[in-house]
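Undergrad: okay, sequence plus prediction incoming.
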Amino acid sequence: MTARIVLALLLAFAPLPALAKDYKVGPMEIRQPWTRATPATAQAAGGFLVITNTGTAADRLIAAKSPSAEKVEVHEMKMDGNVMRMRPVEKGIEIPPGGTVELKPGGFHVMFTGLKAPFTKDSKVPLTLVFEKAGSIDLELPVEGMGASGPPAHGGE
């Protein structure tokens, strides 16, 4: 019996990976925000997250900003013939009522350009998202390793 109590206590206090915080502004729920560490000389980085609209009307992610970069835009990566092209999304990203949009590598994402300092693993990058109807929300993107493909809870490194 004592061994079970000791084991339970050890498991209760064992270090666990830090999970990204979830955020909410109006009907917009933001989950799993994250970004990747960058090399010291990098001038750009991508930010990723999942947005769910729990409301009854469509909304749009129309802008993003961060003190960590000179410019932050909402981007899309898309195939143009055999070439992958990245471009700003002119009218933002629509999130339909009851719908979910994932900003992920290879698709929609937040693009940080003119980085003021490298993004370092295990730090956090501040980001403000601006929605057409729901307004603005400040959040933090946990920085994963350079080769991460997603947040830790979803097969990141």
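TA: Happy to help now that I have it. Numbers count the residues shown, from 1 in each chain.

Undergrad: in this protein, which spans are strands?
TA: Here the chain has its strands, by DSSP state E, at 23-25, 28-36, 44-53, 59-65, 69-80, 83-88, 93-95, 100-103, 109-115, 124-131, 135-144.

Undergrad: so which bits of stretch 114-125 are buried?
TA: Buried residues in stretch 114-125, counting neighbours by 16 or more other C-beta atoms under 10 Å, are found at 115, 118, 119, 124, 125. Bear in mind the C-beta positions are built from the backbone N, C-alpha and C, glycine included.

Undergrad: for stretch 89-106, that is, sorry about that
TA: Neighbour-count burial for stretch 89-106 [16+ other C-beta under 10 Å]: 89, 92, 93, 95, 101, 103, 104.

Undergrad: chain center to it, what's the gap?
TA: 12 Å (C-alpha atoms, centre = their mean, to the nearest Å).

Undergrad: for this structure, give me the ranges with low pLDDT.
TA: Where the chain drops to pLDDT under 70, the residues are 1-20, 152-157.

Undergrad: dump the strands of the chain into CSV; add distance to residue 151 as well.
TA: Compiled in CSV, the strands of the chain are given as follows (distance: least, C-beta to C-beta, whole Å):
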stretch, distance to residue 151
strand 23-25, 14
strand 28-36, 4
strand 44-53, 8
strand 59-65, 18
strand 69-80, 19
strand 83-88, 22
strand 93-95, 19
strand 100-103, 11
strand 109-115, 14
strand 124-131, 13
strand 135-144, 7
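
Undergrad: which two of the buried residues of stretch 114-125 have the greatest separation?
TA: 115 and 124 (14.6 Å; C-beta to C-beta).

Undergrad: residue 74 is in contact with residue 89, correct?
TA: Yes: contact criterion C-beta atoms under 8 Å: residue 89 and residue 74 qualify, at 4.8 Å.

Undergrad: overlap of the contact sets of those two?
TA: When contacts are counted by C-beta atoms under 8 Å, 6 or more residues apart in numbering, residue 89 and residue 74 are jointly contacted by residue 108.
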